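>>> structure, please.
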Amino acid sequence: MYRLITDDSTAHNSNKSAKITQTVISANASNVKAYYNNVPIEKDTIYTLAFWAKVDVLEGKQRELDLYVQTLDDTPKVVFLRTITLDSVDWKEYVNVFTVPKDIEGNVMISLLVGLSNVDFWIDDFRFFESEPTDEIKAGETPVNPTNKIPVSWGQIKSLR
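Sure, this is the predicted structure:
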């Protein structure tokens, strides 16, 4: 038994998240999946798949899932496949960057293949976008200290256009 529900009791950055529960482990990870279809991609282009997730504190275990992108052609091709280990009972971000092969273009399906485990987990703020993330602090960089800086809200920045 597998369920994908909207949970309004916990969320990373809003009022709701998606909770995935599974009581019976499947023989194949792809037998149970959450997915989004018809996402356009371009060949030889860098994309990022990022999301926040956490495992159930009552179960206190790690949870593996496969992050999978495949074409929707008559003969599907794998664009990206990575096994992710969800390893925190607190919200944690998982960022995955990949380049589309030169011979693949068109629409794809983005999937979370979750059939091989029965540890409940939540997912929130799932993002798919072109390019690498630029808002993370890289190793060796110093975060900006806002002391003595002019505060500006996003609304003010947008209105300056």
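>>> number of nearby residues for Pro22?
For the record, residue 22 is Gln, not Pro. Residues contacting Gln22 under the criterion other Cβ atoms under 10 Å number 20. Yep, even glycine has a C-beta here, placed from its N, CA and C like the rest.
>>> residues in contact with it?
Contact analysis of Gln22 by Cβ atoms under 8 Å, 6 or more residues apart in numbering lists Met1, Tyr2, Arg3, Val32, Val114, Gly115, Ser117, Asn118, Asp120.
>>> go through those and say which is closest to Ile46.
Closest to Ile46 out of those is Val114 (25.9 Å), distances taken as Cβ to Cβ.
>>> lowest pLDDT pick from the contacts of Gln22?
pLDDT across those is lowest for Met1, at 73.
>>> how far away is the most centrally placed residue in the chain from Asp73?
The centroid of the chain falls nearest to Phe51 when counting by Cα atoms, centre = their mean (3.2 Å). Using Cβ to Cβ, to the nearest Å, Phe51 is found at 26 Å from Asp73.
>>> cool, and Lys92?
Taken as Cβ to Cβ, the span from Lys92 to Asp73 is 34 Å.
>>> now for the nearest residue in space to Leu67 that is not next to it in sequence: which residues touch it?
Computed as Cβ to Cβ, 6 or more residues apart in numbering, the closest residue to Leu67 that is not its neighbour in sequence is Arg82, at 5.0 Å. Shown in contact with Arg82 (Cβ under 8 Å, 6+ apart): Asp66, Leu67, Asn96, Phe98.
>>> residues making contact with the strand or helix carrying the first one?
Using DSSP states H and E, the secondary-structure element containing Asp66 is strand 63-71. Outside strand 63-71, the residues that touch it by Cβ under 8 Å, 6+ apart are 29-30, 33, 41, 49, 55, 76-86, 96, 98, 104, 106-114, 116-117, 119, 121.
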